[in-house]
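1. just a sequence and a predicted model for now, questions to come.
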Amino acid sequence: MKKIVIMGATSGIGEHVAESLAATGWRVGVAGRKVDRMKALKEMFPDSIEWEAIDITKSEAPRKLLSLIRKIGGMDIYFHVAGIGFFDPKLDIQREVDTAETNVVGFTRMIDTAFHYFRNVGKGHIAIISSVAGTKGIGEIAAYSASKRYQQNYIEALEQLSRMHGLKIAFTDIRPGWVRTPLLDPDRKYPMTMKEGEVVPMIVKALKKRTRIAVIDRRWAAAVFFWRLIPGRLWVKIPVTLSKPAEKPSEAAMAVEQAAD
C-alpha cells in the first residue's frame, strides 16, 4: 500500500488528489489549516486517510509533519501543494511578503523536512505543484512568479544534492497553467483556464510515473516553450496581462492554479 502525505489538501487540487488516491487504496495523510475539510475527508475514507492541522508558516510545522507520517505508518511520497498567490498589479507590500513567507519560507521548511526523512529511511519521492508562472517574472503576480521559480530551482538543487550523496530520492515538479479552483477570482477571466476534473488525473499520472517535470496541459506546454525563447530584455517590454475583469473588477486574491491549503 503506497503512502503519501499531501501538504495543502483541504481545498482545490490537493483535496481532489487526496480523494482520488484514497479511493484507489492509497494510505493518505492530509494536512492543511481547514480542520472541517480534513474531518470530512476522514469520514469519506475512514480506513485510508489520517489528518493533521499544519500551518507551514509556523515553526512547529516540521514536528507536526513527522507526527502525520507516523499516523499513516511511513511515507513514500511527499506532495507539496500548499501555497498562495495574489493578482497584485499595485504591488501591495503585505501581499508580496505573505506570498514569500508561504511559498518560499514555508515551502523550504517542509521540503527540507521531507528530504531529511527520506534520507534517513533510504529512499523516497518529493513532488510539488509549482506553476507555469515560474518560467518568467510576471509583473501582475511578481511575488508569485518569483516564488514559483524559487521552488523549481530548489528541488533541482536538492536533486543534485541527492545524487552527490547517492540518495535514492526522486523529484517531480508539476507545473499547471490556470486552473479554476475555489480561490480563483470569479470576477476575472483567465486565458486557457482548465477545470480541476481535467487536471487531477494528469497530476495523479505524473505522481505515479515519477515524471520529473510535467507541464499541464499541452497548450500551456506550448506557451511555456515559446516564453523561454523570449530574451529577458525583450520580455520586460511586453505588457503581459494575465486576466481581464468579467463584470465587476476585483482585487481579490488570485490562487493561480493551486489551493492555499
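-> Nice, thanks for sending it over.

2. from here on, contacts and neighbour counts on C-alpha atoms
-> Fine.

3. give me the neighbour count for residue 70.
-> Using other CA atoms under 10 Å, residue 70 has 13 neighbouring residues.

4. which parts of the helix or strand containing it are buried?
-> Element membership of residue 70, judged by DSSP states H and E, is helix 61-71. For helix 61-71, the neighbour count (16 or more other CA atoms under 10 Å) marks 61, 62, 64, 65, 68, 69, 71 as buried.

5. kindly reformat those residues as CSV containing pLDDT and distance to residue 172.
-> Below are these laid out as CSV (pLDDT from 0 to 100; distance: CA to CA, whole Å):
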residue, pLDDT, distance to residue 172
61, 98, 22
62, 98, 21
64, 98, 23
65, 98, 20
68, 98, 21
69, 98, 20
71, 97, 24
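
6. most widely separated two among those?
-> 61 and 71 (15.3 Å; CA to CA).

7. which helices and strands sit right next to the helix holding residue 70?
-> strand 27-32, strand 49-53, helix 107-121 (3 or more CA pairs under 8 Å, 6 or more residues apart in numbering; DSSP states H and E).

8. which SSE is immediately downstream of the first one?
-> Using DSSP H and E, the helix or strand that follows strand 27-32 towards the C-terminus is helix 35-44.

9. next, residue 83: secondary structure please.
-> Secondary structure, DSSP: H, G, I helix; E, B strand; the rest coil: residue 83 is coil.

10. that one against residue 102, yeah?
-> Yes - contact criterion CA atoms under 8 Å: residue 83 and residue 102 qualify, at 6.0 Å.

11. those two: who's more crowded?
-> Higher neighbour count among residue 83 and residue 102: residue 83, with 28 against 22, using other CA under 10 Å.

12. list phi and psi for the more buried one.
-> The phi and psi values for residue 83, taken as degrees, to the nearest 10, are phi 170, psi 160.

13. so how far is residue 199 from it?
-> 17 Å (CA to CA, to the nearest Å).

14. likewise for residue 192?
-> Residue 192 is 13 Å from residue 199, by CA to CA.

15. more neighbours: which of the two?
-> Of the pair residue 192 and residue 199, residue 199 is the one with more neighbours under other CA under 10 Å, namely 20 against 11.

16. pLDDT wise, what is residue 243 at?
-> pLDDT, residue 243: 58.

17. and residue 37, by the same measure?
-> pLDDT, residue 37: 94.

18. spatially nearest residue to it (excluding sequence neighbours)?
-> Leaving aside its chain neighbours, residue 37 sits nearest to residue 10 (5.5 Å; criterion: CA to CA, 6 or more residues apart in numbering).

19. residue 56 too?
-> residue 106 (4.8 Å).

20. who are the contact partners of the one you found?
-> 56, 57, 58 (CA atoms under 8 Å, 6 or more residues apart in numbering).

21. can you give me the strands for this protein?
-> 3-7, 27-32, 49-53, 77-80, 123-129, 168-176, 179-180, 188-189, 194-195, 213-216, 244-245 (DSSP state E).

22. neighbours of residue 127, how many?
-> Around residue 127 there are 24 residues (other CA under 10 Å).

23. ok, it - contacts?
-> So residue 127 contacts 77, 78, 79, 80, 171, 172, 173, 174, 207 (CA under 8 Å, 6+ apart).

24. and those, which two are the farthest apart?
-> 77 and 174 (13.9 Å).

25. mind checking how far the residue nearest to residue 56 is from residue 232?
-> 29 Å.

26. check residue 119 too.
-> With CA to CA as the criterion, residue 119 and residue 232 are 38 Å apart.

27. give me the more crowded residue out of these two.
-> Between residue 119 and residue 232, counted using other CA under 10 Å, residue 119 has the larger neighbour count: 17 against 12.
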